[in-house]
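Peer 1: 3D model of this:
(one chain, ligands or ions: 1)
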Amino acid sequence: MGQLAETREFLASLIAKYSAFFDIIKGDTLPANIAFPLLKACGPARWSYAQRSHDASTIHPFSVQFDSMVLGAACAIIGVDNSLDFEILANLPSSCGGLGLTPYRFDGDDEAGRAELISRLSPAATRTREAADPGTWLNGKAWLGSAADFKSALLVRVGAFADIKRPVRCPGCAFRLSKDGAYDHAQGCANWKGYGPTHRHTSIVHRTANLCRAAGFDVSTEVVVGKEGETIDIIAIDNNGDEHWFDVTVCAVTAKSRRNKAFTQNERAATERKRKTYETLALAHDATLTTLFMSHRGVLGAATRALCATLDELREWTDGQGNSAERIISNTCIAASARIVRKAARFVQAQPDLPAAPADAAEAPDGAYQEEEAASPAVAPPDPDAVNTAPAEL
Ligand SMILES: [Zn+2]
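Peer 2: Numbers count the residues shown, from 1 in each chain. Okay, the predicted model is just below:
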């Protein structure tokens, strides 16, 4: 037997050996928040040595097989069909909005390779990628939700929820939701009851309050501070007796408004609004006011990151896994947002078709982003035939 034939036989045997690992990982015995991080940590790495120790033309057909085993396992864990968009998003590093499953069949690891991959994404997948968080939760270490939340967050990340085929009406505010606006709307509509933005806000407040307690602050939540019922999410008193007021603001930035307003502009605007509402009260209580701003995808604003850094310095105990405060808060947010999408998807699938929109139905007004506290149950139902992607900011 020639040397090349022997090499090929060896590589084929490696593929057979590794396929057992992928079969186990894609079976239904492991929950997604265990299976996916395992795939990410131990899947692609298996081929690294083989790839480096053989010449490109010999190993290429085997690398193609190996990559397809990785992608097949990812599809099975997440519960999606393979597609070109999925392959690209799976292969891109998590810092680029992908899943971080390094490919071997081509060079997608350098900057030029990545740019080439990104250029082949469909417009919908491009939007999905651009909206993605940095993906630190993908290794599962900091995951603070359920296995179902993790799976939903993976589905959001690969754009599986991006497209519904027909418009539906929001069960909370009766807005007619365009076919690509329903999930964005669910992220911002406090009238859509259940595991909605209000629940997400509460989860983040409680998680942050616990981090403050672990850092030695004396902490109260949901404290009424004004005569008009103004409420502060978290009041934390430090060792010097200084009082800190923290207002949690989660901003559901929709695809529409994202084009118009950068994250920092949104953060500045929210901080300014909170300052107007609470500054006088804070002065009267001799307290400092901080707006803890974040996007619904768990991207944290500057003041939130600064508080997290302080908490990490002060915390006497950790969550046992060494997670930073930043990761804990971000992951709490991502898990809650994934839950909102999962619930909205179940609703959308169960809806009957709506009659066609009137020909003169205009695009929804912009300002398509809102904070959960902003929505009031007293809002009058809008014109039921108005087309909207998200409620207007109140
Ligand atoms: Zn609504």
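Peer 1: quick one: the strands in this protein?
Peer 2: 168-169, 176-177, 218-224, 231-237, 243-253, 287-295, 369-371, 387-388 (DSSP state E).
Peer 1: out of those, nearest to S68?
Peer 2: strand 287-295 (34.3 Å; C-beta to C-beta). The C-beta positions use only the backbone N, C-alpha and C, and glycine is treated the same way.
Peer 1: the closest one vs strand 231-237, what angle?
Peer 2: Comparing the axes of strand 287-295 and strand 231-237 via axes from the mean of the first three to the mean of the last three C-alpha atoms, to 10 degrees yields an angle of 120 degrees.
Peer 1: please point out which parts of strand 287-295 sit buried.
Peer 2: By neighbour count, with 16 or more other C-beta atoms under 10 Å as the criterion, the buried positions of strand 287-295 are A287, L289, T290, T291, L292, F293, M294, S295.
Peer 1: nearest to the ion, of those residues?
Peer 2: Ranked by distance to the ion (C-beta to the ion), the buried residues of strand 287-295 are led by S295 at 19.0 Å.
Peer 1: from R157, how far off is the closest one?
Peer 2: As judged by C-beta to C-beta, to the nearest Å, S295 and R157 stand 14 Å apart.
Peer 1: with K276 instead?
Peer 2: When distance is defined by C-beta to C-beta, K276 is 36 Å away from R157.
Peer 1: likewise for G322?
Peer 2: Note on G322: its distance to R157, by C-beta to C-beta, is 24 Å.
Peer 1: more neighbours: these two, which one.
Peer 2: For G322 versus R157, neighbours defined as other C-beta atoms under 10 Å are more numerous around R157 (27 against 9).
Peer 1: distance-wise, check that one relative to A35.
Peer 2: The gap separating R157 from A35 is 15 Å, by C-beta to C-beta.
Peer 1: which residues of the stretch 1-150 of the chain score low on pLDDT?
Peer 2: Low-confidence regions of the stretch 1-150 of the chain, defined here as pLDDT under 70, cover residues 1, 108-109.
Peer 1: and if we set it to 80?
Peer 2: Under the criterion of pLDDT under 80, the regions of the stretch 1-150 of the chain flagged as low confidence span 1, 107-110, 140-142.
Peer 1: so which residues of it form helices?
Peer 2: Using DSSP state H, counting those that start in this stretch, the helices assigned to the stretch 1-150 of the chain run over residues 3-26, 32-42, 45-52, 56-78, 84-91, 111-119, 123-131, 147-157.
Peer 1: what of the stretch 251-394 of the chain?
Peer 2: Defined through DSSP H, counting those that start in this stretch, the helices belonging to the stretch 251-394 of the chain, from first to last, are 255-258, 263-284, 302-314, 325-349.
Peer 1: next, the angle helix 32-42 makes with the longest one.
Peer 2: For helix 325-349 and helix 32-42, the angle between their directions (the same axes, to 10 degrees) works out to 120 degrees.
Peer 1: now for helix 325-349, which elements pack on it?
Peer 2: helix 147-157, helix 182-188, helix 197-214, strand 287-295, helix 302-314 (3 or more C-beta pairs under 8 Å, 6 or more residues apart in numbering; DSSP states H and E).
Peer 1: got the angle between the last one and helix 263-284?
Peer 2: Between the axes of helix 302-314 and helix 263-284, defined by the same axes, to 10 degrees, the angle is 70 degrees.
Peer 1: helix 302-314: how far from the chain's middle?
Peer 2: Taking the mean of its C-alpha atoms, helix 302-314 sits 21 Å from the chain's own mean (C-alpha atoms, centre = their mean, to the nearest Å).
Peer 1: name the nearest residue to the residue of the stretch 201-350 of the chain found nearest the ion, sequence neighbours excluded.
Peer 2: Taking C-beta to the ion, the ion has its nearest neighbour within the stretch 201-350 of the chain at A344, 10.1 Å off. For A344, ignoring the flanking residues on the chain, the nearest one in space by C-beta to C-beta, 6 or more residues apart in numbering is A186 at 3.6 Å.
Peer 1: now swap in D286 and tell me
Peer 2: Beyond its immediate neighbours in the sequence, the residue positioned closest to D286 (C-beta to C-beta, 6+ apart) is E243, lying 6.4 Å away.
Peer 1: so what sits opposite the one you found in the bridge?
Peer 2: For E243, the residues forming beta bridges with it (DSSP bridges) are I237, A287.
Peer 1: which residue ranges make up each domain of this protein?
Peer 2: Domain assignment of the chain by automatic domain parsing yields the ranges 3-137, 164-394.
Peer 1: pLDDT below threshold where in the stretch 151-300 of the chain?
Peer 2: For the stretch 151-300 of the chain, counting by pLDDT under 80, the residues that fall below are 161-167, 178-181, 194-195, 253-262.
Peer 1: thank you kindly, that will do.
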